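> dropping a prediction and its sequence here:
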Amino acid sequence: MLLEIVAIAAAVLGLVIILAMIVAVVKQVKNKLPRRKTELSKDVAREGVTFNDIFMFMLAVPLVLLWVTFAGYVIWHGLQDSAVLQQIEAYTTLIAILGGPALLILKDALDVWKQEQAEKTAFYKVKAQSVIDYNNQSQKQAQMIEAKEQEHIHGQQNKKK
């Protein structure tokens, strides 16, 4: 009985999340419409927390946690009670319904992480190359200064002779 209640609650939560995602998309489409200048200045001032930040923490994270928790609970309860194994298809369907958006969210999060790592790698490559270039230029400058000093010393010695 408890498992059925959890399954129903998970399905309702999944529907609420899908409706919230639809509302968020509609709001984004509305925001892309031309606006007055006063509203635009307000958006520039609030650049710290974006819609994506709120979306991830209010919808995406709970959905992924719900999916993992429910799947783990079904597995654990299935090992304890053989009645769960008789209804495993219904639970598997519910896990799949929750898992679809959860897997997309995880994939997107991993893509963002991968992009950040690529940016860091590119930055460190550029930084390393600039250090190498700086060292080469410093060495060339030191060699040039030393060569000029030697020329000056030889010029002074030639004048004395």
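Ah, there it is. Model, not experiment: these values are computed from the prediction.
> helix/strand/coil for the residue nearest the centre of the chain?
With distances taken as Cα atoms, centre = their mean, Val112 lies nearest the centre of the chain, 3.4 Å away. When classified by DSSP: H, G, I helix; E, B strand; the rest coil, Val112 comes out as helix.
> how close does it get to Gln141?
With distances taken as Cβ to Cβ, to the nearest Å, Val112 is found 43 Å from Gln141. All C-beta spots, glycine's among them, are computed from the backbone N, C-alpha and C.
> now Lys160
As judged by Cβ to Cβ, Lys160 and Gln141 stand 29 Å apart.
> same question, Leu13
66 Å.
> so which strand or helix has the nearest residue to Pro101 once chain neighbours are set aside?
Residue nearest to Pro101 in three dimensions, not counting chain neighbours: Leu63, with 6.0 Å by Cβ to Cβ, 6 or more residues apart in numbering. In this structure, Leu63 sits in helix 61-80 according to DSSP states H and E.
> residues contacting that helix, please?
3, 6-7, 10, 13-14, 17, 84-85, 88, 91, 94-95, 98-99, 101-102, 105-106 (Cβ atoms under 8 Å, 6 or more residues apart in numbering).
> what's the PyMOL line that selects buried ones from the residues you listed?
If you want just the buried ones from the contacts of helix 61-80 in PyMOL, going by 16 or more other Cβ atoms under 10 Å, the selection is:
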select buried, resi 3+6+7+10+14+17+84+91+94+95+98+99+101+102+105+106
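> of the contacts of helix 61-80, which belong to helices?
Counting by DSSP state H, those place 3, 6-7, 10, 13-14, 17, 84-85, 88, 91, 94-95, 98-99, 101-102, 105-106 in helices.
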